[in-house]
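K.L.:
dropping a prediction and its sequence here:
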Amino acid sequence: MDDLEQAILLASDSPAAAAASPSVRAEALAFCARARDESPPSSLLRLCLSGLASSPHAQVHFWCLQSLHDTLLRRRLALPDDLTLLRSSLLSLAVSSHAASPPFLRNKLAQLVALLVRLEYPHVYPSYLLDLLPPAPPQPGLTDMFARVLISLDDDLLSQDYPRSADEATDAMRVKDSMRAQCVPQIARHWHAAAATLRTADPGAAAVALDAARRCISWIDVGLVANDVFVPLLFDIAMSPGSAAPLAAAAVGCLSAVAAKRMDARAKVGLLRSLLAAQQRLGSPDSGLKMAPLVTAYAVEALECYRRLGPSDPDGAAALEMLEEVLPAVFAAAESSDDDEVDSGSVLEFLSGYVSMMKAAPSEKQLGHLGRILEVVRVQMSYDPVYRGHLDVLDKIGKEEEDLMTEQRKDLIALFRSICRVAPTAAQLFIRGLLVTALTSAEASVEDVEVALTLFYRLGEAVGEEEIRTGTGLLGELVPMLLAARFSCHTHRLVALVYLETVTRYMKFMQEHVQYVPHLLGVFLDNRGIHHQNAHSLQDVLSQFTSMNWANKDVKFPSSEDGSQIFEAVGLLIGMEEVSPEKQAQCLTALLNPLCHQIESLVMDAKAQGLEESSPRAISLQQIIVALNMVSKGFNERLVMGNRPAIGVMFKKTLDVVLQVLVSFPNVRPLRSKVISFLHRMIEILGIPVLPYIPVALRQLLLDNEAKDMVEFLVLVNQIICKFKSSASAVLEEVFPTIASHLSVILSQDAFSAGPASNTEEMRELQELQRTLYTFLHAMATHDLSTILLTPSCMQYLDTIMQLLLFTSCNHKDILLRKACVQIFVNLVKDWCTNSEDKITGFREFMIEEFATKCCLYSVLDKSFDLRDANSLVLFGEIVVAQKIMYERFGDVFIKKFVEPSLTKVCCPPDLAKQYCQKLQGSCVINVYSATISEIGRALSLFS
């Protein structure tokens, strides 16, 4: 044993271990493990008992008890003589234990005795508990040890708070039944004696005894504790100022267990009545502070009895009376800041149940209770002032506290919504009181204001959209009060954030009551919004405003730029027609001028020092242009150029400044993209007056272009064409040669490979450019701008364009692109050809000999052309329309040079060709041509 003792000391936290090297400690640990795992069970038993008897070291005692527990738990110790020796030794140790021995040793000994009880009681050794039961009068050491055995038995076997195996459940039932039959009354008398005798002499031992009692009350006869002797003692201990805190808490725990005892509802009413008789001041606030778990459990049980029995039953009515009598104590407990004494989850669960029990029209008394519950909600939703600074800067501590409070508030918010449902007026009155206090009291703190605004926000979730819109109840008073509010602590991040969130929540009210729109605008523009010192922290809530469906705003513009949503929100606010022209001009000037000045300053510095794409200056310029773009989304052409032209002047000046960025740095691609986006917006809202600015921009945008740059450019030109139509002819005539020159280099009809090579990023960009080019040409052809192709500066590119259009109309795999090209040819025929003369020599022959033959005939005869496909059928219809237009403009020449020779060449029956020629002048040509193509296909297949 000496070697083992030395090894245990080296392996533990003893002074010897502290002085030993890691290798020595490791060797000691291995030695102890071998002694425990490799020794025969009988030898290990005697070795451990010897150590318990002879060693003076607590570490050795603990190792011996733990080794015996593990051996017994694994059923390695099975010989009857060994078990008898172990039992007698442990019982002897337990009854001789004194309170001065270390608690961890007493707990381990109790755990080992409890395991023996589970294995051997009562069938092997029926007097375990009687042997351990301390004689009267109770002594601290024996009382403490007995209580620890009961507590270990509860933790390891009897308690139903933990999942148990089937064997454990069987053992627990056997032990409980045996104790109830043999010794529970004696044990209950011991608890009472220990509490009465030791409450002053040894409060710790008395507290442990009552803790053991609390654990057993759920499965013993409740009358053994809930009687005229025990209950008054427990109340006296709980309420006495001289009681030690752990002892008072243990007494309250016993009383709570009595109240929560499962039984029939009528019997429970009688039990609750007896508790109230024993402590008539149970409903006082003092009781709530000193016995929070009891008053909460009492209220929960009374409410459950009322639910089961109903208001018409006398016992049910009595349960409600008892419930309302203890409510003041429950409220006092809920409002207490002592988290250690109050289980806030249980209190909230009860309060939620109580509110849900109410009907839609609560009584005056119930309204009073609801007021107290609202105050409970307010108190528990308030932040601790200790974290005020951390929450303002939102450091790690502040973030953790904010996350914790978010989680904690979930049940409180659900409770608040329930109150809003049951008594909406009471909730609104409560919030009005909070807002008035926050605005008028010099003592209103950040926490007070934040929780008042948070509850007002949550009120907006509880009421319907219609109630918000019309200002039902007190909302018509509260929302204007909110808009006008300026709190003394508004600089704090929490207050500013929840204030803007709350304003946004009630936006429907401002939509209906437009007289408050200027106030709303002020909220977002002054130091409560974008000029707040923590504006960067508020951008998310500011951006929420963009989701509102304003009557004069049909579209929500999503934003992805950091912070840009703020400017979009402000632009939507300023751009409302309900805002007066003077206020609108004032606010827009306050926004645009500083941003324009920043652009001018940054451009000046960048010219002197150079500008890289990823430089801070380039990023700042991008952000400013995006901000200007977002602001413009609140305006439309009718307002800017029609009703309030002064606004248009401001945006034209802004456009002039932005274009200086493009002129100075045309090769900085991220900046180009932002400028193009801004141009799109200016074209939409300024209309014709923007045209003088376009040539400068387009010339810069045509410098050093790649495929994706040309896509952006052509999309912009397409918008100009669709917006201004023939008014844009001069602009297009100037830039078209450059466009064609660039595209002739980038694109050609054989530039697109098939197979895996066509799936590269570069090839996808080229394909996108090709599609955009056809959209551009289609826009020109359909907006009376095709004559630009015939100008002297553009004629040199005409043949290339015609060949590209022809190739695509015949061969492109995208049927919709082929359709677009056919439509372009149709419009060119309409614009350039009449019955008497053509605007360009050779175009008529090209259309008949090239387009008609290759596109109108051979492309539809190709096996890949499937008339059962919907898109192909649409293309076929466009091809037929093209032939009708060519016949209308070219007359019999079209019949002689295309229809007769070409159809004959592909084996078309003469009568069908003749019928088709006749139908070209009618309205059913598509059906005849379809039949013609089908007949030709059959003939060709037979010929093959």
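P.N.:
Structure's in. What do you need? Numbers count the residues shown, from 1 in each chain.
K.L.:
from here on, contacts and neighbour counts on C-alpha atoms
P.N.:
Noted.
K.L.:
quick one: average pLDDT of the helix or strand encompassing Leu294?
P.N.:
Leu294 belongs to helix 292-309 when assigned by DSSP states H and E. Model confidence over helix 292-309, given as mean pLDDT, is 94.
K.L.:
tell me the gap between the helix or strand Met405 falls within and the middle of its chain.
P.N.:
Secondary structure from DSSP H and E places Met405 in helix 396-422. Here helix 396-422 is found 15 Å from its chain centre; the criterion is Cα atoms, centre = their mean, to the nearest Å.
K.L.:
for it, buried residues please.
P.N.:
Taking 16 or more other Cα atoms under 10 Å as the neighbour-count basis, helix 396-422 is seen to contain the buried residues 398, 401-402, 405, 409, 412-413, 415-422.
K.L.:
so where's the protein shaky on pLDDT?
P.N.:
Low-confidence segments of the chain (pLDDT under 70): 1, 97-100, 337-342, 360, 530-531, 535-566, 747-759, 921-944.
K.L.:
rewinding a little: ok, residues contacting the very next helix or strand once past the helix holding Leu294?
P.N.:
Downstream of helix 292-309, the first helix or strand assigned by DSSP H and E is helix 314-335. By Cα atoms under 8 Å, 6 or more residues apart in numbering, the surrounding residues in contact with helix 314-335 are 266, 269, 273, 276, 282-289, 292, 295-296, 298-299, 302-303, 305-311, 342, 344, 347, 369, 372-373, 375-376, 379-380.
K.L.:
mind listing what's buried in stretch 654-661?
P.N.:
If you call a residue buried by 16+ other Cα under 10 Å, then stretch 654-661 has these buried ones: Thr654, Leu655, Val657, Val658, Leu659, Gln660, Val661.
K.L.:
settle this for me: the last one is touching Ser601, isn't it.
P.N.:
Spelled out, that is Val661. No - counting by Cα atoms under 8 Å, no contact exists between Val661 and Ser601, whose distance comes to 11.0 Å.
K.L.:
number of residues surrounding Asn705?
P.N.:
Other residues within reach of Asn705, judged by other Cα atoms under 10 Å, total 16.
K.L.:
which non-adjacent residue is nearest it?
P.N.:
His742 (7.9 Å; Cα to Cα, 6 or more residues apart in numbering).
K.L.:
go on, Gly476?
P.N.:
Thr470 (7.6 Å).
K.L.:
can you give me how far the longest helix along the chain is from the chain middle?
P.N.:
When the chain is scanned for its longest helix (criterion: DSSP state H), the result is helix 581-609. With Cα atoms, centre = their mean as the basis, the distance from the averaged C-alpha position of helix 581-609 to the chain average is 36 Å.
K.L.:
same check, this time on stretch 307-327
P.N.:
When distances are taken as Cα atoms, centre = their mean, stretch 307-327 is centred 42 Å away from the chain's centroid.
K.L.:
over to stretch 699-716?
P.N.:
40 Å.
K.L.:
so for that stretch, what gets flagged as buried?
P.N.:
Buried positions in stretch 699-716, judged by neighbour count with 16+ other Cα under 10 Å: 700-702, 705, 707, 709-716.
K.L.:
so for that stretch, first residue to last residue, what's the gap.
P.N.:
Its start and end residues considered, stretch 699-716 measures 13 Å (Cα to Cα, to the nearest Å).
K.L.:
and stretch 305-321, by the same measure?
P.N.:
As for stretch 305-321, its first-to-last residue distance stands at 11 Å under the measure Cα to Cα.
K.L.:
related to what we said a few turns ago, would a markdown table of the buried residues of stretch 654-661 with distance to Gln623 and secondary structure be doable?
P.N.:
Rendered in a markdown table, the data for the buried residues of stretch 654-661 read as follows (distance: Cα to Cα, whole Å; DSSP: H, G, I helix; E, B strand; the rest coil):
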| residue | distance to Gln623 | secondary structure |
| --- | --- | --- |
| Thr654 | 15 | helix |
| Leu655 | 15 | helix |
| Val657 | 15 | helix |
| Val658 | 12 | helix |
| Leu659 | 15 | helix |
| Gln660 | 16 | helix |
| Val661 | 13 | helix |
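K.L.:
out of these, which is nearest to Asn667?
P.N.:
When the buried residues of stretch 654-661 are compared for distance to Asn667 (Cα to Cα), Val661 wins out at 10.5 Å.
K.L.:
first-to-last residue distance for stretch 829-838?
P.N.:
With Cα to Cα as the measure, stretch 829-838 spans 9 Å from end to end.
K.L.:
and if you look at stretch 638-654?
P.N.:
For stretch 638-654, the separation between the terminal residues is 19 Å (Cα to Cα).
K.L.:
list the buried residues for it?
P.N.:
Of the residues in stretch 638-654, those buried by neighbour count under the rule 16+ other Cα under 10 Å are Leu639, Val640, Met641, Arg644, Ile647, Gly648, Met650, Phe651, Lys652, Thr654.
K.L.:
just stretch 102-109 next, same as before
P.N.:
Judged by neighbour count using 16+ other Cα under 10 Å, the buried positions of stretch 102-109 are Leu105, Arg106, Asn107, Lys108, Leu109.
K.L.:
return the distance of the first one relative to Leu52.
P.N.:
Translated: Leu105. 11 Å.
K.L.:
what do these two both touch?
P.N.:
Contact criterion Cα under 8 Å, 6+ apart; residues bridging Leu105 and Leu52 by contacting each: His61.
K.L.:
what's the nearest residue to Ser256 if we skip its chain neighbours?
P.N.:
Across the structure, with Cα to Cα, 6+ apart as the measure, the residue nearest Ser256 apart from its sequence neighbours is Leu294 (4.5 Å).
K.L.:
quick check, the one you found in contact with Ala250.
P.N.:
No - using Cα under 8 Å as the test, Leu294 is too far from Ala250 to be in contact (11.0 Å).
K.L.:
coming back round to it: ok, so of the buried residues of stretch 102-109, who is nearest Ala17?
P.N.:
Nearest to Ala17 among those is Leu105, at 19.8 Å by Cα to Cα.
K.L.:
which strand or helix spans the closest one?
P.N.:
Since the elements are taken from DSSP H and E, Leu105 ends up inside helix 103-120.
K.L.:
now the strands for the stretch 801-944 of the chain?
P.N.:
For the stretch 801-944 of the chain, strands defined by DSSP state E, counting those that start in this stretch do not occur.
K.L.:
ok, back up a step: who are the packing partners of the longest helix of the chain?
P.N.:
Contact analysis of helix 581-609 by 3 or more Cα pairs under 8 Å, 6 or more residues apart in numbering; DSSP states H and E lists helix 564-574, helix 616-632, helix 645-664 as its packing neighbours.
K.L.:
report the angle between the last one and helix 616-632.
P.N.:
Yep, that's helix 645-664 we're talking about. With axes from the mean of the first three to the mean of the last three Cα atoms, to 10 degrees as the criterion, the two stretches helix 645-664 and helix 616-632 enclose an angle of 150 degrees.
K.L.:
so what touches whatever helix or strand comes next after helix 645-664?
P.N.:
Scanning forward in sequence from helix 645-664 by DSSP H and E, the next helix or strand is helix 669-686. Contacts of helix 669-686 from elsewhere in the structure, counted by Cα under 8 Å, 6+ apart, are 613, 618, 621-622, 625-626, 628-629, 632-633, 635-638, 640-641, 648, 651-652, 655, 658-659, 661-662, 665-666, 690, 701, 712-713, 716, 719-720, 723.
K.L.:
any chance of the helices and strands packed on helix 581-609 in a markdown table, plus distance to Leu115?
P.N.:
Formatted as a markdown table, the entries for those read as follows, by distance: least, Cα to Cα, whole Å:
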| stretch | distance to Leu115 |
| --- | --- |
| helix 564-574 | 66 |
| helix 616-632 | 72 |
| helix 645-664 | 84 |
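K.L.:
what's the closest of those helices to Asp154?
P.N.:
Comparing the helices and strands packed on helix 581-609 by their distance to Asp154 (Cα to Cα), the top pick is helix 564-574, with 59.7 Å.
K.L.:
kindly export that closest one (C-alpha atoms) in CSV.
P.N.:
Only the C-alpha atoms of helix 564-574 are listed here, as CSV (Å, rounded to 0.1, in the frame of the first residue of the first chain):
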residue,chain,number,x,y,z
SER,A,564,-25.8,52.9,-51.0
GLN,A,565,-29.2,51.8,-49.6
ILE,A,566,-29.1,54.9,-47.3
PHE,A,567,-29.0,57.2,-50.3
GLU,A,568,-31.7,55.3,-52.1
ALA,A,569,-33.9,55.6,-49.0
VAL,A,570,-33.3,59.3,-48.8
GLY,A,571,-33.8,59.8,-52.5
LEU,A,572,-37.2,58.1,-52.3
LEU,A,573,-38.1,60.3,-49.5
ILE,A,574,-37.0,63.6,-51.1
